[in-house]
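J.: Just to be clear, the model below is a prediction. Sequence and coordinates:
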Amino acid sequence: MQVTFSIQRYDSSKDKKPYRQEFKLDVEPTDRILDCLDRIKWDFEGSLTYRRSCSHGICGSDAININGKNMLACQVLIQDIKKKRIKIDPIPGMPIIKDLVVDTTDFFAKYEVVKPYLIAKNPPPKERFQSVADRALIDEAVNCILCGACTSSCPSMWGNPNYLGPAAMLKAYRFAFDSRDEAPAEHLEAIDTSDGVWRCHTIFNCVEACPKEINLTWHISQLKKKMVEREL
Amino acid sequence: MSYKHLGSRNSGAPGWLFQRITGIVLIVAMVGHYILMHYTPTSGHSFASTFERMQNPLWKVFYLSFVVVGIYHGLNGVWGVVRDFKMKRWLSMTILGAMIILGIAFAVFGFMNVLVF
Amino acid sequence: MNFYQSGWTKVLTTYHRFAGSWAWIFHRISGLALTAYIFMHIIALSNLQKHKIDGGKAFNEEMALFSSPFFLVIEWLLFAFVLYHTLNGIRIVLVDFANGARYHKQLHYAVVTIGVIAFIAMGYVIFSHQVNKTVAMLF
Amino acid sequence: MIHKHDVLIVGAGLAGLRAAVELAGKADVAVLSKVFPTRSHSGAAQGGIAAALGNEEEDHVEWHIFDTVKGSDYLGDQDAIEMMVSEAPEVIIELEHMGVPFSRTKEGKIAQRQFGGHTRPKVGADGKETRVAIQRACYAADRTGHVILHTLYEQCVKHNVHFYSEYYVVSLIVKDGVCRGLVAFDIQTGELHTFHAKAVMFGTGGYGRAWKITSNAYANTGDGVAIAYRAGIPLEDMEFVQFHPTGLWKLGILVTEGARGEGGYLKNKNGERFMKNYAPTVMELAPRDMVTRSITTEILEGRGIDGKDYVHLDLTHVGEATLKERLPEIIGFAKTYVGVDPVKAPIPIQPTAHYSMGGIPTSLFGEVYLDEKGTILTGFYAAGECACISVHGANRLGTNSLLDGVVHGRRTGKQIAKFLQTAEFSELPENADTADRARIDELFASTNFKESYHHIKDTLRDNMMAKAGVYRNEKDLKEMKQIIHELREKYKNVGLRDKSKNFNTELMEVLELGHLLEFSEVVVEGAIARQECRGAHWRTDFEKRDDTNWMKHTFAFRTEKGIELKYKPVTVTKYQPMERKY
Ligand SMILES: Cc1cc2nc3c(=O)[nH]c(=O)nc-3n(C[C@H](O)[C@H](O)[C@H](O)COP(=O)(O)OP(=O)(O)OC[C@H]3O[C@@H](n4cnc5c(N)ncnc54)[C@H](O)[C@@H]3O)c2cc1C
Ligand code: HEM
Ligand code: SF4
Ligand code: F3S
Ligand code: FES
């Protein structure tokens, strides 16, 4: 099966503007997009640049934009795309370093804002107990691989790049709703700002983008309710 | 490390909650309003019927609150839209100020429409 | 370093729009339009304030204008905005307070379905009066 | 540019980060990683981390020690094993305190599941003692590595650990028996940086990428091992590479042993649970080397599904609820990559190169040995998969390597802290980065793309799979050696097509290939020399384990004349070698 890849190219150290380049490839329906990128890089265009490591959707390196949707290159097969022409771009809303590699400095700075760690003092000698039900509350949230696909897909973030974004919200949830955390307020405080949780307008792009099928909006709605409780 | 763009710390919770509450109030008001206006076309579209209705203080209260709630909900909504753009603080504050003045002015104007009866 | 960043308008037009995106875009447009309309509405009704002087004449004339077929179509379209904003508003509230986030797509389709039905029904209500009147005039 | 830190940790996997957490606040510590820290391959670990907590059933450290020794096919050093296993419960509790969201038992304790090779004694009806599977692996669904890695990174954020993220380390600076720092380039700018430190620690992970079918990430190219080797440090037991029994067919993506721990069956084309012919007592939960050989034998004897090179892992009887709760990722992988829903149909699997038992030889405290006699290289440390202490011997038990990472990361961190109390900065040799600079400049200057690096890499990986894989023999291994020599010649002519210094991943791939070739040769050399069958090293031209001649660790030295092999006896404390039957 032959497929055409139209890839946005841009090297921030020398190009003024991005441009597109096309590659025709014979592929199997079960090939991953990442396999195709590898083949393009190895056989045709050595300078094509992208990140990847685990190749099975667990490290979060290779979030890219395929036909207008953010996904992981290693988690999408040719047969999932159902198109003969595959348009590949870097994930939007972040500065491009080279080709599909974007600068995630800001993304991780936003992650750090929410105090992404358990705040708890004086642990018991054995493990802290946590009921199965309490653990289930954070079950989805702990799956985040910090790939950035969600934050990059959020229209609210495109309009206001200062918006902390769904990934940071999810991290705040991860700790604020962990029964072992002793200072949920500290995590909540960080996102109760005009650049925080209130910039979410339940657009659900993040949910569509998340490769780990995390329903971010559900978690954000829990946060908003918690905030309201706090204020009243 | 702290993030360079952290917004102001006042909580957005009340505004968010009121937007939902006023929205729900508006549903009730809207349904009433529409039945009144369109189900029987004359009831809203002639002075005589309007005048008659306005003699009832309950209708007055209904319309007064409709004006307030509607304007609040609309402008609070617009304010939300404004904050979706990164802009200088002075600019957003100017817009907020303008919106408040506009809102109060129109609320007063709307009140006059009702209280003239 | 010389970074290139896509502008948000460009992204807005190129990123795939899912149900949630459409819902948000229409909610925003309808919300802004309704806000503009509420102001116009207040101005339009200010003719009422003259009723002590003209006994409601100006108001009646204005209303007659609004009852013309052209304005009825406009009014019908306005209803579409109100309807969508209301139904989607309910959807948002369900997402926020109930478990709607888990069913947002189903809710979206429900909003669209109910919306279309109610829109057509309202068309019937608005225009049937007009049709009745026209029919009455002819015979 | 020259940077100065007390301690440099290379690698942000479990080993590197655990050491960083230990040192944070006590010293100026910086972590370098070629991928963003949370992208390290530790995050892919699924099944669990072993500790005799006894949360689910009675368990004892003693039992865990015994299993590990036996699992290692008696090549593991028993003092090291005893130390690691005894520290395990404490270390796990500590992880929980840091915030690791372990799955929970009904009472709210850390949940544990069965894993291959982990057993408890059981007295049968006939009065004889046998050993049956025990629930010892602490887990968080099938994302155990992921949650631990993220928690450790969170702790580093909390303690303001300095990260050089996306920096690629190319060489160590060693002079007069003292390690003084390292050279790395910033992938984002292509700039070469020199790092000056009192102590350097490697936690650079495994080297599974040298095999075609592997569960390892692109990043697991054994850089650390090769860099240390080039700096004059011997490599220990490199011929021992574990093939995990259950990789997704063709892709090698791991299906955790937890799947069998939850009750999964292995079936051949006749639908027969063939493990009953190989390990009747523990069946599918035999240690990995055994299960892998059993599967490979089934395939070689034509009992693969449809006669092809895979068998079935059947989970359909486990029940949808259990699968969804405990193995959600596996369901996802199987659906995405092979189009199979494990709830309804068996998963096609084949053995996949998984874990590197060998590596940089270290003491119990992470200090690196310069020879088989125990001479220590001052200022250099290693832990995790790149190191060999050796606790895994000839075959690692599942869930023991995450444990290895955190226990030794922690111990090494403590040891470095102690070392720093008296250590001073040793002087940096002049032009420490000259050789690396020259090499990189040469690559950039190359005018034509004479040899395609990926072609060399593919040839290497295909052949390693065929000739230095699950079953080996002298003929194949010698051919492999020849192939590597040819490939190394070709490698000298490799050039770059991408001449931009900005995020040049082609440059990185070329350097990684150099590392692959470097250590693959050591693997093959060690395998040729070791004339016995032990754990993961299975020679078809020999029948069994040879304890009289081979109860010893291989130490491979890089010399002018090529690889020189020396040996060091295994430390045996309590457990005398016996036949390994399950
Ligand atoms: C799919 C899979 C599943 C597994 N499941 C389990 C399990 O259930 N239980 C268990 O106990 N074990 C499991 N293991 C094994 C275990 O995950 C690893 O042995 C362990 O995580 C290794 O950790 P590490 O810290 O040594 O290395 P890694 O986590 O691999 O980290 C290596 C680090 O070194 C850095 N690095 C490497 N080279 C360079 C360089 N040149 N310059 C700069 N940085 C460099 C990398 O960026 C990375 O940060 C599994 C392994 C795999 C592959
Ligand atoms: C009829 C019942 C109504 C309901 C249930 C409702 C509900 C809502 C809700 C829940 C929001 C918040 C959206 C968000 O935060 O993302 C909203 C926003 C908004 N509403 Fe309404 N509303 C109603 C009527 C109106 C009316 C009559 C107006 C006009 C005056 C209006 C104008 C707006 C505006 C401008 C916004 C902001 C849009 C945005 O943030 O994208 N609404 N509405
Ligand atoms: S929530 Fe999902 S999309 Fe967002 S960073 Fe985490 S894994 Fe990626
Ligand atoms: S896309 Fe953005 S607006 Fe909210 S629901 Fe997701 S964060
Ligand atoms: S390569 Fe790791 S997520 Fe795709």
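T.: Structure's in. What do you need? Numbering: from 1, shown residues only, chains lettered A, B, ... in the order given. Ligands and ions are numbered 1, 2, ... in the order given.
J.: Tell me where chain C has helices.
T.: In chain C, the helices defined using DSSP state H lie at C:8-14, C:19-44, C:51-54, C:57-66, C:69-97, C:104-138.
J.: nearest to chain A, of those helices?
T.: Of all those, helix C:19-44 sits nearest to chain A, with 2.9 Å by CB to the nearest CB. Any C-beta I mention is one placed from the backbone N, CA and C, and that applies to glycine too.
J.: Please report how far the residue sitting nearest the centre point of chain B lies from C:His16.
T.: Central residue of chain B (CA atoms, centre = their mean): B:Ile71, 1.8 Å from the mean position. Per CB to CB, to the nearest Å, B:Ile71 is found 36 Å from C:His16.
J.: got it, and D:Lys175?
T.: Distance, D:Lys175 to C:His16, by CB to CB: 57 Å.
J.: ok, these two, which is more surrounded?
T.: Neighbours of D:Lys175 and C:His16, each counted by other CB atoms under 10 Å in any protein chain shown, are more numerous for C:His16; the result is 15 against 12.
J.: Test my guess that the more buried one contacts A:Asn67.
T.: Yes: applying CB atoms under 8 Å, one finds C:His16 in contact with A:Asn67, separated by 7.0 Å.
J.: Walk me through the domains of chain A.
T.: Using automatic domain parsing, the domain ranges for chain A come out as A:2-102, A:105-231.
J.: is it possible to export those to JSON lines including distance to C:Ser46, mean neighbour count and mean pLDDT?
T.: Converted to JSON lines, these look like this (distance: least, CB to CB, whole Å; neighbours: other CB atoms under 10 Å in any protein chain shown; pLDDT from 0 to 100):
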{"stretch": "domain A:2-102", "distance to C:Ser46": "45", "mean neighbour count": "20", "mean pLDDT": "94"}
{"stretch": "domain A:105-231", "distance to C:Ser46": "34", "mean neighbour count": "22", "mean pLDDT": "94"}
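J.: that older thread, which residues touch the residue nearest to the centre of chain B?
T.: B:103, B:106-107, B:110, C:38 (CB atoms under 8 Å, 6 or more residues apart in numbering or on different chains).
J.: So which of these sit within helices?
T.: B:103, B:106-107, B:110, C:38.
J.: Which one (most neighbours) among these?
T.: Neighbour max across the ones in helices among the contacts of B:Ile71 (other CB under 10 Å) = B:Gly110, 24 neighbours.
J.: What distance do you get for that one to ligand 3?
T.: 45 Å (CB to the nearest ligand atom, to the nearest Å).
J.: hmm, back to that, want to throw the domains of chain A into CSV with distance to D:Glu451?
T.: Listed next are the domains of chain A as CSV, based on distance: least, CB to CB, whole Å:
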stretch, distance to D:Glu451
domain A:2-102, 12
domain A:105-231, 34
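J.: Looking at these, which is nearest to D:Thr362?
T.: D:Thr362 lies closest, by CB to CB, to one member of these: domain A:2-102, at 25.5 Å.
J.: do that closest one and chain B meet?
T.: No: Domain A:2-102 lies out of reach of chain B by CB under 8 Å from any CB of the partner chain, never closer than 12.2 Å.
J.: wait, does that domain make contact with ligand 4?
T.: No: Domain A:2-102 stays clear of ligand 4 (CB under 6 Å from any ligand atom), getting no nearer than 10.5 Å.
J.: ok, residue 103 - contacts?
T.: No chain in the question, so chain A it is. A:94-97, C:3.
J.: try chain D instead
T.: Per CB under 8 Å, 6+ apart, neighbours of D:Ser103: A:135, D:110-111, D:139-141, D:326.
J.: Looking at those, which are in helices?
T.: A:135, D:326.
J.: Kindly indicate which of the contacts of D:Ser103 lies nearest D:Phe185.
T.: Proximity of these to D:Phe185 (CB to CB) peaks at D:Ala140, which lies at 35.5 Å.
J.: in chain B, what residue is nearest chain C?
T.: Closest point on chain B to chain C, by CB to the nearest CB, is B:Phe47, at 2.8 Å.
J.: Can you give me the distance of the residue positioned nearest the centre of chain A to chain C?
T.: Of all residues in chain A, the one closest to the mean position by CA atoms, centre = their mean is A:Gly148, 2.3 Å from it. According to CB to the nearest CB, to the nearest Å, A:Gly148 and chain C sit 14 Å apart.
J.: Could you list the low-pLDDT ranges of chain B?
T.: Along chain B, segments meeting pLDDT under 70 span B:1-10, B:39-44.
J.: mind listing the helices for it?
T.: B:13-34, B:42-45, B:47-54, B:57-83, B:89-115.
J.: closest one to D:Val318 among those?
T.: Judged by CB to CB, the one of the helices of chain B that comes nearest to D:Val318 is helix B:13-34, at 44.2 Å.
J.: do that closest one and chain A meet at all?
T.: Yes: residues of helix B:13-34 contacting chain A under CB under 8 Å from any CB: B:13-17.
J.: for chain A, longest helix please?
T.: helix A:216-231.
J.: Could you export that one as PDB, CA atoms only?
T.: The C-alpha trace of helix A:216-231 is given here as PDB (Å, rounded to 0.1, in the frame of the first residue of the first chain):
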ATOM      1  CA  LEU A 216      -9.100  15.200  31.800                       C
ATOM      2  CA  THR A 217     -12.200  17.300  31.700                       C
ATOM      3  CA  TRP A 218     -13.800  15.000  34.300                       C
ATOM      4  CA  HIS A 219     -10.800  15.600  36.600                       C
ATOM      5  CA  ILE A 220     -10.900  19.300  35.900                       C
ATOM      6  CA  SER A 221     -14.600  19.400  36.800                       C
ATOM      7  CA  GLN A 222     -13.800  17.700  40.100                       C
ATOM      8  CA  LEU A 223     -11.200  20.400  40.700                       C
ATOM      9  CA  LYS A 224     -13.700  23.200  40.000                       C
ATOM     10  CA  LYS A 225     -16.200  21.800  42.400                       C
ATOM     11  CA  LYS A 226     -13.600  21.500  45.000                       C
ATOM     12  CA  MET A 227     -12.600  25.200  44.500                       C
ATOM     13  CA  VAL A 228     -16.200  26.300  44.800                       C
ATOM     14  CA  GLU A 229     -16.500  24.300  48.100                       C
ATOM     15  CA  ARG A 230     -13.400  26.000  49.300                       C
ATOM     16  CA  GLU A 231     -14.700  29.500  48.500                       C
END
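J.: And it, how far out from the chain middle?
T.: A distance of 20 Å separates the centroid of the chain from that of helix A:216-231, by CA atoms, centre = their mean, to the nearest Å.
J.: helices and strands around that helix, which ones?
T.: Packing partners of helix A:216-231 (3 or more CB pairs under 8 Å, 6 or more residues apart in numbering or on different chains; DSSP states H and E): helix A:166-176, helix A:184-191, helix A:205-209, helix B:13-34, helix C:69-97.
J.: can you dump the C-alpha coordinates of the first one into CSV?
T.: So that's helix A:166-176. Output of helix A:166-176 as CSV, limited to C-alpha atoms (Å, rounded to 0.1, in the frame of the first residue of the first chain):
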residue,chain,number,x,y,z
PRO,A,166,-5.0,20.3,31.3
ALA,A,167,-1.8,18.3,32.0
ALA,A,168,-0.9,20.5,35.0
MET,A,169,-4.6,20.4,36.2
LEU,A,170,-4.5,16.7,36.1
LYS,A,171,-1.3,16.7,38.1
ALA,A,172,-2.9,19.0,40.7
TYR,A,173,-5.8,16.6,40.9
ARG,A,174,-3.4,13.6,41.2
PHE,A,175,-2.2,15.1,44.5
ALA,A,176,-5.1,17.1,45.8
